[in-house]
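K.L.:
Here's a sequence, model it:
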Amino acid sequence: MSKIYLLSLGCDKNRVDGEVMVGTLRVAGYEVVNKPEEAVAIIINTCGFIKDAVKESLDMIFELAEYKKDKCRALVIVGCMAERYKDEIKKTIPEADAFIGVGEYEKIAEKLQELIGAVPFTASKDNLVRLAARSDAEAPHIAYVKIAEGCDNHCTYCTIPKIRGAYKSRPKEEIFLECKQLVGAGAVELVLVAQDTALYGKDIYGAQVLPQLLREIAETSGAKRIRLMYAYPEHITPSLIDAMADIPQICKYIDMPIQHSEDKILSKMGRTGGKRELEQLIRVLRDRIPDIAIRTTLIVGFPGESSEDFDNLYDFVKEMEFDRMGAFPYSREEGTPAAEMPNQVRSDTKQKRLNKIMELQQEIHFEKQRAYVGKVLPVIVDSYEDGIYTGRTEFDAYEVDAVVNFTSDTPLLHGQIKNIKITDAVEYDLKGRIE
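P.N.:
Numbering: from 1, shown residues only. Next comes the predicted model:
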């Protein structure tokens, strides 16, 4: 069989696209390998969201292009950067043999047949292609489910609508089937992703129906955990909060990117909510789901952000005490309205603001972690190395948040959920012992 190596960069949505491509290739008869030096074709699933992501993608393309001097006969660039900068990449990377943009992933096996001509291609749109991709996954008990593609929010700093198009929900029946198949293949935790999960269904059902989707997945899939990522606060409804509070399988965790607290900056960003609405939403979430972990992301140094604006954002973070938080300096992306705005903030100022707000969040996080000491928490087993098991509470997303390191006298399997007595908080992570 022809051996193929595929590297996925960027977000969880890209991870899902990569899994679909790997599964499609396996269904078509190709062998997908984990070492690029073994492959006759190399596929790079790129990210093109911000400059740093583009640089990482380019660095990996140049690195993997070196294998064309040996066994590799085809280098294929796919994903967001291929969609956004196809013409530029063609000029700067002549080693690339093909480009596949967003929304064309089902063409990957057919394209490889054209390039290396080794395996007869039989098209398949069955959801089983995703299962085929997970046979050698590092964490087969975790499965990411993309419930929608594209975005309608048109934030002034963001390139996603231009790259991935308008928001397009997947039919509920298709999602139910995929979730059931994934759990049947060993998934314990389902992670729902989209550019804005909370908006699910608005385009095809005329209303936001994420709460109904969650209830049906919980009732039919058999998943023990369901995690919700990337829910814009503007679209979080009372019925969604009720679903999260009432459905046992849903992790008491929500990832909602607020980006800023100040009305002036939010308006410049193209966000429809304001500080008062954010404060009210956070209060409602914590009142209705007292133990919920709220994760958010912030952008510092957006055009026009004054020292006073940043100080107010700092005070907002201090008051809200987010359980999990990431912050990023504003990235000036060509083709976006924000890139043309006056009063761009200096790079060194952005970095100082980033350092200051993350130091604050570190203090908040450490204090919240210490509050878990002495408690017994259900923890899912993610990995094992040198006598130590590593897992997560429901308050932490895989590869994003904190972990729990613990020991067990009896062998445990990936995906098992065990009660762990938390004995210590070591910086970001927790330590414990099995009960």
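K.L.:
now this protein, which segments are flagged as low pLDDT?
P.N.:
1, 49, 118-128, 134-136 (pLDDT under 70).
K.L.:
Where is the longest helix in it?
P.N.:
Using DSSP state H to assign secondary structure, the helix with the most residues in the chain is helix 347-370.
K.L.:
who touches that helix?
P.N.:
298, 300-301, 305, 310, 313-314, 317-318, 321-325, 327-330, 402, 425, 427-430 (C-beta atoms under 8 Å, 6 or more residues apart in numbering). Where C-beta positions appear, they are placed from N, C-alpha and C, glycine not excepted.
K.L.:
quick one: the helices in the stretch 201-350 of the chain?
P.N.:
For the stretch 201-350 of the chain, helices defined by DSSP state H, counting those that start in this stretch occupy the ranges 202-205, 210-220, 238-246, 263-269, 275-288, 307-320, 347-370.
K.L.:
how far does the fifth one sit from the chain's center?
P.N.:
Using C-alpha atoms, centre = their mean, to the nearest Å, we find the averaged C-alpha position of helix 275-288 to lie 24 Å away from the chain's own average C-alpha position.
K.L.:
Show me what that helix packs onto, helices and strands only.
P.N.:
Judged by 3 or more C-beta pairs under 8 Å, 6 or more residues apart in numbering; DSSP states H and E, helix 275-288 is in contact with helix 238-246, strand 293-300, helix 307-320.
K.L.:
measure residue 354 to residue 51 for me?
P.N.:
Applying C-beta to C-beta, to the nearest Å, the value for residue 354 to residue 51 is 15 Å.
K.L.:
wait, residue 323
P.N.:
For residue 323 relative to residue 51 (C-beta to C-beta), the value is 29 Å.
K.L.:
Neighbour count for the two, which is higher?
P.N.:
Shown here are residue 323 and residue 51; by other C-beta atoms under 10 Å, residue 323 has more neighbours (22 against 12).
K.L.:
ok, and the closest non-adjacent residue to the more buried one?
P.N.:
residue 293 (4.0 Å; C-beta to C-beta, 6 or more residues apart in numbering).
K.L.:
mind checking how far the one you found is from residue 117?
P.N.:
From residue 293 to residue 117 the distance is 51 Å (C-beta to C-beta).
K.L.:
before we move on, what about residue 186?
P.N.:
Residue 186 is 35 Å from residue 117, by C-beta to C-beta.
K.L.:
that older thread, is it possible to mark the buried ones in the contacts of helix 347-370?
P.N.:
298, 300-301, 305, 310, 313-314, 317, 321-325, 327-330, 402, 425, 429-430 (16 or more other C-beta atoms under 10 Å).
K.L.:
returning to that earlier point: more neighbours: which of residue 186 and residue 117?
P.N.:
Using other C-beta under 10 Å as the criterion, residue 186 and residue 117 rank with residue 186 on top: 17 against 10.
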